[in-house]
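1. one predicted model, sequence on top.
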Amino acid sequence: MIEFQQVSKIFGGQAAVKDLNLTLREGAFSVLIGTSGSGKSTTLKMINRLETHDSGTIRFAGEDIRQQPILSLRRRMGYAIQSIGLFPHWTVAQNIATVPQLQKWPRQKINDRIDELLALLGLAPAMRDRYPHQLSGGQQQRVGVARALAANPEVLLMDEPFGALDPVTRAALQEEMRRIHRLLGRTIVLVTHDIDEALSLADHLVLMDKGEVVQQGAPLAMLTAPENDFVRAFFGRSELGVRLLSLRSIADYVRPDDRADGEPLLITQTLRDALSQFVARRCDVLAVADADGTPRGALHFTDLLRREGDE
Ligand SMILES: Nc1ncnc2c1ncn2[C@@H]1O[C@H](COP(=O)(O)OP(=O)(O)O)[C@@H](O)[C@H]1O
Ligand SMILES: [Mg+2]
């Protein structure tokens, strides 16, 4: 869907991005990660031509983006950033309606779309007429994402969208993004420097350093088969174990015919969540259930040590 071929971007004689080759698949949740200054934001901004690349080719849906009129290109891509950029003197509804208004959608269709997006992002209908300063940081961030999604863009570009939020709100919004991605199957490209955020959201992870891709692939492959010391160090030797657990779902490790007492784990949680409960509750077997409470089996502490495919 988005393809970089030998793309470079120079600022003041310095390459921010160097000979970048990258393919971001349609429908995938791709995450660009790397230290500050590694070229992530520049890469993202070149996709919707907020920055112009100096050499190489970027294709969107098969076509060179230089051949596509900038406005029609941006209309096909929603863009959400950390500093949100909501219009302060516009209500939530007016903010969300920005692009549909520009595209002269009929009033009723815009209103329906606003209702739909408020529901999708877990914002109460009463938020409609509030102004940005009357919202919490997390609510503003949700409105920012709603605005980016408003005109049904084919691609959602997000630059550290949850960067300024507290950990609890951040986790809630990450969960929201996962749900929206599953629900809408939209292509998402997200930039972050937060390793755990990247691991929990990405189908496809791209690790950048000094304007170049160091390694890319599935999150689990990056952790279990780092191609060099930089990758190994980046994902952190000391945190490696819990990060691996965070990529594994209880559903794949539960013993379905087994039962245990006590407050159950949710089958949709990760082994990292389970580890935390084993330690906090000082036990070595925990019940597992659905969100509606239906028992789904039990998880044993030793199950955390099994590899994929082991019986
Ligand atoms: N508009 C700009 N003018 C000059 N230099 C820039 C500009 N944007 C980014 N850079 C430089 O390009 C490099 C990559 O920046 P950026 O893509 O923002 O990195 P990241 O998002 O990974 O932190 C940095 O060295 C940064 O200082
Ligand atoms: Mg950046």
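-> Good, I have the coordinates. Ligands and ions are numbered 1, 2, ... in the order given.

2. what's the separation between residue 110 and residue 5?
-> Distance, residue 110 to residue 5, using Cβ to Cβ, to the nearest Å: 38 Å. Just so you know, the C-beta spots here come from the backbone N, C-alpha and C atoms, and that holds for glycine as well.

3. same deal with residue 212?
-> Distance from residue 212 to residue 5, by Cβ to Cβ: 14 Å.

4. again, but for residue 28
-> Taking Cβ to Cβ, one finds residue 28 at 18 Å from residue 5.

5. got the contact list for the most centrally placed residue in the chain?
-> With distances taken as Cα atoms, centre = their mean, the residue of the chain nearest its centroid is residue 201 (4.7 Å). The contact partners of residue 201, by Cβ atoms under 8 Å, 6 or more residues apart in numbering, come to 29, 31, 174, 177, 178, 190.

6. from the residues you listed, which ones fall inside strands?
-> 29, 31, 190 (DSSP state E).

7. out of those residues, which comes closest to residue 196?
-> The shortest approach to residue 196 among the ones in strands among the contacts of residue 201 belongs to residue 31, at 11.4 Å (Cβ to Cβ).

8. confidence score at that closest one?
-> pLDDT recorded at residue 31 is 97.

9. contacting residues for the closest residue to residue 16 other than its chain neighbours?
-> Closest residue in space to residue 16, ignoring its immediate chain neighbours: residue 42 at 4.5 Å, by Cβ to Cβ, 6 or more residues apart in numbering. Neighbour list for residue 42: 9, 16, 17, 51, 211 [criterion: Cβ under 8 Å, 6+ apart].

10. the residue nearest to residue 254 when sequence neighbours are not counted: what secondary structure?
-> Among residues not flanking residue 254 along the chain, residue 297 sits closest, at 4.4 Å (Cβ to Cβ, 6+ apart). Put simply, residue 297 is strand when judged by DSSP: H, G, I helix; E, B strand; the rest coil.

11. what residues does the protein have near ligand 1?
-> 11, 12, 16, 34, 36, 37, 38, 39, 40, 41, 42 (Cβ under 6 Å from any ligand atom).

12. can you do 8 Å?
-> 9, 11-12, 14, 16-17, 32, 34-45, 51, 159, 191, 193, 208, 211 (Cβ under 8 Å from any ligand atom).

13. can you list the domains in this structure?
-> 2-236, 248-305 (automatic domain parsing).

14. circling back: sort out for me which of the residues of the chain next to ligand 1 are in helices.
-> When the residues of the chain next to ligand 1 are checked against helices (DSSP state H), the matches are 40, 41, 42, 43, 44, 45.

15. who wins on neighbours among those residues?
-> Counting neighbours by other Cβ atoms under 10 Å, residue 43 leads these with 27 neighbours.
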